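take a look and give me a structure for this.
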Amino acid sequence: MKGTEHFKQAIKSYLDERAKTDELFAVAYAKENKSLDNCVTFILNQIKALANEGCVGMADDDVYSLACHYFDEDDIEIGKPVNCGVIVNRHIELTEEEKAEARQRAISQYQAEELRKMQQRKSKQAAKPQETKQTEPNLFGF
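Sure, this is the predicted structure:
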């Protein structure tokens, strides 16, 4: 799961919990013309407007308030989809399938690195010409 998917899941979890406890928000959250993807696009565009040199950090509450604002407002400018990376500062529990995939990827990377090291050693040995031992003339060895 990529960072943006984790971001989306974090937003969804918050909004689901808020809808359970706040009846007024639950009505806004259920609007048919609203979607989680558009909510994320709205949030990213709002954050992009604040970004200095392409990077910005925000508190959870600030991001969640933007999500709630998106669902509360009927006439809101979403903006164009933003191509960016999102880092979520939460511990995310991986599924067994994701753990197995990560393990396999790590094993493959390790094997590729070890193979590269072995090939480098062999190429160094092959590139180094074998030195032939030359015997020095000995005056007493006639």
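
going by C-alpha atoms from here, please, whenever you check contacts or count neighbours.
Noted.

who's in contact with stretch 29-42?
8, 12, 15, 19, 67, 70-72, 77-82 (C-alpha atoms under 8 Å, 6 or more residues apart in numbering).

endpoints of it, how far apart?
15 Å (C-alpha to C-alpha, to the nearest Å).

try stretch 87-99
19 Å.

check stretch 85-98 too.
20 Å.

how far does it sit from the chain's center?
A distance of 9 Å separates the centroid of the chain from that of stretch 85-98, by C-alpha atoms, centre = their mean, to the nearest Å.

quick check: residue 67 vs residue 36, distance?
9 Å.

could you say which helix or strand holds the residue nearest to residue 19 when sequence neighbours are not counted?
Once flanking residues are discounted, residue 19 sits nearest to residue 26: 4.2 Å by C-alpha to C-alpha, 6 or more residues apart in numbering. Using DSSP states H and E, residue 26 sits within helix 23-29.

after that helix, which helix or strand is next?
helix 36-50.

residue 29 - how many residues pack around it?
Counted with other C-alpha atoms under 10 Å, the neighbours of residue 29 add up to 22.

distance of residue 114 from residue 70?
50 Å.

now do residue 4
From residue 4 to residue 70 the distance is 18 Å (C-alpha to C-alpha).

between the two, which is the more surrounded one?
Shown here are residue 4 and residue 70; by other C-alpha under 10 Å, residue 70 has more neighbours (24 against 15).

element containing that one?
Per DSSP H and E: helix 60-72 holds residue 70.

again, but for residue 104
Assigned by DSSP H and E, residue 104 falls in helix 96-127.

pLDDT on that helix, on average?
Averaged across helix 96-127, pLDDT comes to 89.

neighbour-wise, which of residue 67 and residue 36 wins?
Neighbour totals were compared for residue 67 and residue 36, and residue 67 leads with 22 against 17 (other C-alpha under 10 Å).

does that one really touch residue 11, like I thought?
Yes: counting by C-alpha atoms under 8 Å, residue 11 is a contact partner of residue 67 at 7.3 Å.
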